[in-house]
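Engineer: Sequence first, then the predicted structure:
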Amino acid sequence: MFHPSLILSHLSAKVFAITAGCCLLSGCFEASRELIQKPIEPIGDEGQQIVIIPIHGEITSHGSDSPSLSTSADAGEIVLRLRAAGRDKHVKAIVLDMDTGGGDVTATDMVYHQVMLIHDIGKPVVAVMDSVCASGGYYIASAADIILTSPSTITGSIGVIFESPDFHELMSAHLGVSVNVIKSGAMKDIGSPIRSMTDDERALLQKMVNQSYDQFVDVVTERRCGHGDIPREKSAALESIRPIADGRVLTGRQALTFGLADRLGYLFDGIDEARKLAHITKTPQVIHYERDNGIFGFSEKSQGTNINAGIQFNAESLSLPFHARLEYRWASW
């Protein structure tokens, strides 16, 4: 005969297991994740820290709850990490570890704006350009106090792109499909993939592209004037930058020649530059931020579902291949 206390204990364990399972399915544990510090080089003064913030992949506006940072640079998450570094009195400098061909215009500018706020409170920021740091990647890097590049880094691509697919001939001629559109104005379906773009629509979109392009060039001129051979005076700096601001990509060595980067170096060279800029005399502790994934220990990269023979499935892969928007993005990225 079972003792009542054993039965109660058994029932409590079942209730806990069911509750935990429901919470996992509903994602309530996910919402409680917090940023925590993880040392990269634990040997060092905890009161003088340098934080590494990675910006890897396409820069997007998915928001801070994006399931994966492995394939995209979530602007919301990057901003949260920058804000945390700015508010932490122990963090004396920030290193941006950059490997990106850019992305969404608004998301890019949001990250740039936050780096500038860090700059305004007096904490130095060093950008280290890895394999690729082009277009929106360079836009963000320009906010740093110093830009390091490898000789073979692909950078530059100063410009804006708007891509809109045109499937109307495929649909009508080959698939026999047509679409009826009821709209409130002539341009309500501007950029639609089911019809050709009109001249008026193209002119309107070109104005939008030009406006974002001017913003990009102004940012680079403002931040890079006085660096290398770029003149300090703004109008002269603009004339120096504009010839290479036609969307072309550059190697790291070419970027040095044109004044778009300051010196050759890699990540740990960037850490040393940050230490000097922050006037850190002792050995600093180098850290990065991670998400505290709670008692179940799910990592940010484990959100996919394995199907059959090790095939990785991710819901993001179901999105359309074209998303018409203004982008600071290298077209080959």
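Structural biologist: Nice, thanks for sending it over. Numbers count the residues shown, from 1 in each chain.

Engineer: Could you point out which residue ranges in the stretch 51-200 of the chain have low pLDDT?
Structural biologist: Within the stretch 51-200 of the chain, the stretches with pLDDT under 70 are 63-71.

Engineer: mind running it again at 90?
Structural biologist: Filtered on pLDDT under 90, the stretch 51-200 of the chain yields the residue ranges 61-72, 163-181, 183, 189-197.

Engineer: can you map out the helices along this structure?
Structural biologist: Assigned by DSSP state H, the helices in the chain fall at 4-26, 75-87, 105-120, 136-141, 168-169, 199-224, 234-241, 252-258, 267-277.

Engineer: Tell me which of the ones you listed is the most buried.
Structural biologist: helix 136-141 (a mean of 31; mean count of other Cβ atoms under 10 Å). (C-beta placed from N, C-alpha, C; glycine too.)

Engineer: who does it touch, helix- and strand-wise?
Structural biologist: Judged by 3 or more Cβ pairs under 8 Å, 6 or more residues apart in numbering; DSSP states H and E, helix 136-141 is in contact with strand 58-60, strand 91-100, strand 102-104, helix 105-120, strand 125-134, strand 154-156, helix 199-224, strand 326-329.

Engineer: switch to 7 Å and redo it
Structural biologist: Secondary-structure packing of helix 136-141 (3 or more Cβ pairs under 7 Å, 6 or more residues apart in numbering; DSSP states H and E): strand 91-100, strand 102-104, helix 105-120, strand 125-134, strand 326-329.

Engineer: the longest strand in the protein is where?
Structural biologist: strand 45-56 (DSSP state E).

Engineer: I'd like the C-alpha coordinates of that one written as CSV, please.
Structural biologist: Output of strand 45-56 as CSV, limited to C-alpha atoms (Å, rounded to 0.1, in the frame of the first residue of the first chain):
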residue,chain,number,x,y,z
ASP,A,45,40.8,43.1,-14.7
GLU,A,46,37.0,42.7,-14.3
GLY,A,47,36.8,46.5,-13.7
GLN,A,48,38.3,47.2,-17.1
GLN,A,49,36.5,45.3,-19.7
ILE,A,50,36.4,45.3,-23.5
VAL,A,51,33.3,43.9,-25.1
ILE,A,52,33.2,42.2,-28.5
ILE,A,53,30.0,42.7,-30.4
PRO,A,54,29.6,40.6,-33.6
ILE,A,55,27.8,41.9,-36.6
HIS,A,56,27.7,38.9,-38.9
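
Engineer: Please enumerate residues in contact with stretch 157-177?
Structural biologist: With contacts defined as Cβ atoms under 7 Å, 6 or more residues apart in numbering, stretch 157-177 is touched by 105, 134-135, 138, 178, 191, 193-197, 205, 209, 212-213, 216-217, 220, 245-247, 249, 322, 324, 326-331.

Engineer: Filter those down to just the buried residues.
Structural biologist: The neighbour-count test (16 or more other Cβ atoms under 10 Å) applied to the contacts of stretch 157-177 identifies 105, 134-135, 138, 191, 193-194, 205, 209, 212-213, 216-217, 220, 245, 247, 249, 326-330 as buried.

Engineer: about what we covered before: give me the distance from the longest strand of the chain to the chain's centre.
Structural biologist: How far strand 45-56 lies from its chain's middle: 17 Å, per Cα atoms, centre = their mean, to the nearest Å.

Engineer: Sheet partners, orientation included, of that strand?
Structural biologist: According to DSSP bridges, strand 45-56 forms sheet pairs with strand 91-100 (parallel), strand 284-292 (parallel).

Engineer: Redo the ones you listed as JSON lines? Include mean neighbour count.
Structural biologist: Listed next are the strands paired with strand 45-56 as JSON lines, based on neighbours: other Cβ atoms under 10 Å:
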{"stretch": "strand 91-100", "mean neighbour count": "25"}
{"stretch": "strand 284-292", "mean neighbour count": "19"}
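
Engineer: Kindly reformat these as a markdown table containing distance to residue 75.
Structural biologist: Compiled in a markdown table, these are given as follows (distance: least, Cβ to Cβ, whole Å):
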| stretch | distance to residue 75 |
| --- | --- |
| strand 91-100 | 11 |
| strand 284-292 | 15 |
